[in-house]
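> Generate coordinates for the sequence data below:
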Amino acid sequence: MNHKPPIRIAIAGVGNCASSLVQGLVCYGSTSRNGHQPLAGLMHEEIGGYRAADIEVVAAFDVDRRKVGKPLTDAIVAAPNCTKRFAQVPAHAGPTVQKGPVLDGVAAHMKGAPSSATFLVSRRTPCDVVRVLRDSGAEILLNYLPVGSQRATEFYADCCLRTGISLLNCMPVFIASDPAWAKRFAASGIPVIGDDIKSQFGATIVHRTLVRLARERGLRILRTYQLNTGGNTDFLNMLDRRRLVSKKVSKTEAVQSQLEEPLPDEAIHIGPSDYVSWQKDNKVCFLRLEAEGFGGVPLNLELRLSVEDSPNSAGVVIDAIRLIRLARDRGFAGPLIAASAYLMKHPPAQMADEDARRQLEEFIAVPAPTLPRIRPHRRQVVAIR
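Model (predicted):
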């Protein structure tokens with residue numbers, strides 16, 4: 001029996017991703033507790049003795065008036081959330097959602113109500129986030145803020161540093177992969193994973209795999225694109241192209257890193273393309289790869305991938321939470337290099353997925369006193385130990 005204390009997490013941004021995560025904790029937590037065969041969807045049933053059932057949400061922050069002031073399990077089903085409901089979550093449960101600071105977390109075109117997917121910003125005074133985090137006993141903060149929330153993400157990262165809480169940065173504002181932020185977390189003795197979560201089987205991991213496969217099989221890749229459409233708040237938010245700068249960098253580098261020679265800018269296009277309201281949380285990826293094979297003979301590949309966007313990343317997040325807790329137990333500080341490389345699009349150091357996975361399994365399996373320092377074969381921001 002596992003007698004370890006629960007992993008206490010806080011969530012910044014109670015959107016579709018938070019909804020899928022909370023549903024997943026109920027779904028996978030009950031199967032773990034009852035001893036039944038675990039459901040598909042988790043890469044690791046157990047990490048360092050921790051299961052999904054050991055994760056507990058103790059604080060949550062949002063800015064939408066339909067969520068602020070409500071219990072978490074009520075907030076995750078409030079508009080504009082639209083992801084699939086796959087678990088029976090008890091009503092009126094969980095911590096009360098507190099209002100966080102808005103800062104740049106809400107794009108101008110997302111305010112008001114011209115669409116069911118826009119934000120209705122609460123008029124309440126923002127809470128003292130540091131105090132709420134301290135009082136809750138949280139040890140990990142999940143950043144689920146909208147793409148483009150640079151100042152808001154940095155605010156929550158600073159709150160983590162002030163409270164000794166680890167950051168799991170699921171969106172593409174660069175914290176773990178930024179040398180200055182990485183050094184601050186390392187100096188404070190706080191492990192962090194980031195940046196920009198990879199889905200379990202999404203556009204990025206599929207694109208990386210195909211590009212790497214083509215290269216390993218001797219093809220010369222000429223051009224490639226990845227176009228994505230969706231109908232959730234994430235896609236509506238990204239209609240403001242100014243908020244897309246870091247997202248495009250994150251997704252493009254994730255693919256370019258698998259090539260020995262990066263493609264010229266004009267030969268690669270990766271990024272969100274449009275908002276289609278009736279798709280809701282379903283994301284459709286259109287991927288094309290053009291290459292030359294033996295004798296310079298052309299080869300073209302077209303792929304269409306349709307996934308429910310938010311559940312597609314929730315299982316990865318459950319792994320990341322447990323990896324951070326394991327790192328905290330072992331006294332690690334700063335970015336967790338292998339975990340970030342395997343689970344994130346824009347880690348401190350890019351690796352081939354099989355190398356990152358191998359090093360991650362070593363991190364999980366080897367006892368802390370003899371654990372070797374993990375060194376990636378590319379740039380490294382700060383040692384994890």
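> could I get the helix or strand hosting A59 in CSV with only the CA atoms?
Using DSSP states H and E, A59 sits within strand 55-62. Extracted in CSV, the C-alpha atoms of strand 55-62 (Å, rounded to 0.1, in the frame of the first residue of the first chain):
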residue,chain,number,x,y,z
ILE,A,55,-2.8,13.7,-7.2
GLU,A,56,-5.0,16.2,-5.5
VAL,A,57,-6.0,19.7,-6.8
VAL,A,58,-5.9,22.2,-3.9
ALA,A,59,-6.1,25.6,-5.6
ALA,A,60,-7.3,27.0,-8.9
PHE,A,61,-7.2,30.4,-10.6
ASP,A,62,-9.2,31.8,-13.5
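> Within the sheet, what are the partner strands of it, with directions?
Pairing partners of strand 55-62, with direction, according to DSSP bridges: strand 7-12 (parallel), strand 97-99 (parallel).
> Could you give me the buried positions within that strand?
I55, E56, V57, V58, A59, A60, F61, D62 (16 or more other Cβ atoms under 10 Å). Yep, even glycine has a C-beta here, placed from its N, CA and C like the rest.
> Closest to Q88 out of these?
Nearest to Q88 among the buried residues of strand 55-62: V57, at 16.7 Å, using Cβ to Cβ.
> need the contact list for that closest one.
When contacts are counted by Cβ atoms under 8 Å, 6 or more residues apart in numbering, V57 touches I9, A10, I11, V22, L25, L72, G94, P95.
> Just put these in JSON lines and tack on pLDDT and distance to S313.
Formatted as JSON lines, these follow (pLDDT from 0 to 100; distance: Cβ to Cβ, whole Å):
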{"residue": "I9", "pLDDT": "98", "distance to S313": "15"}
{"residue": "A10", "pLDDT": "98", "distance to S313": "18"}
{"residue": "I11", "pLDDT": "98", "distance to S313": "14"}
{"residue": "V22", "pLDDT": "98", "distance to S313": "13"}
{"residue": "L25", "pLDDT": "96", "distance to S313": "14"}
{"residue": "L72", "pLDDT": "98", "distance to S313": "18"}
{"residue": "G94", "pLDDT": "97", "distance to S313": "20"}
{"residue": "P95", "pLDDT": "98", "distance to S313": "22"}
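> which of the residues you listed has the most neighbours?
Counting neighbours by other Cβ atoms under 10 Å, I11 leads those with 30 neighbours.
> looking at it, that one is touching F61, isn't it?
Yes - between I11 and F61 there is a contact at 7.1 Å, judged by Cβ atoms under 8 Å.
> So G15 versus E45, what's the distance?
27 Å (Cβ to Cβ, to the nearest Å).
> Can you add distance to S166 and give the strands paired with strand 55-62 back as a markdown table?
Below are the strands paired with strand 55-62 laid out as a markdown table (distance: least, Cβ to Cβ, whole Å):
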| stretch | distance to S166 |
| --- | --- |
| strand 7-12 | 9 |
| strand 97-99 | 19 |
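> Out of these, flag the one nearest A157.
Comparison of the strands paired with strand 55-62 against A157 by Cβ to Cβ identifies strand 7-12 as nearest, at 10.0 Å.
> Show the residue spans covered by the helices in the stretch 101-250 of the chain.
Ranges of helices within the stretch 101-250 of the chain are 129-136, 150-163, 179-187, 203-216, 233-237, 245-256, based on DSSP state H, counting those that start in this stretch.
> Strands along the stretch 51-200 of the chain, start to end?
Under the criterion DSSP state E, counting those that start in this stretch, strands of the stretch 51-200 of the chain are mapped to 55-62, 97-99, 140-143, 166-169, 191-193.
> Which one of those strands lies nearest to C82?
For the strands of the stretch 51-200 of the chain, the distance to C82 is smallest for strand 55-62, at 15.5 Å, taking Cβ to Cβ.
> what is the rounded mean pLDDT of that closest one?
Strand 55-62 shows an average pLDDT of 98 in the prediction.
> and if you look at stretch 242-260?
The model assigns stretch 242-260 a mean pLDDT of 94.
> T229 and V284 touch, don't they?
Yes - counting by Cβ under 8 Å, T229 does reach V284; the two are 5.2 Å apart.
> Helix or strand, whichever it is, which one in this protein has the lowest mean pLDDT?
When the helices and strands of the chain are scored by mean pLDDT, DSSP states H and E, helix 16-34 comes last with a mean of 85.
> Show the contacting residues for K67.
With Cβ under 8 Å, 6+ apart, K67 has these contacts: V14, A75, A78, V97.
> Greatest separation within those residues: which pair is it?
Every pair of the contacts of K67 checked by Cβ to Cβ; the farthest is A78 and V97, at 9.3 Å.
> shared neighbours of those two, anything?
Shared contacts of A78 and V97, counting by Cβ under 8 Å, 6+ apart, come down to K67, K70.
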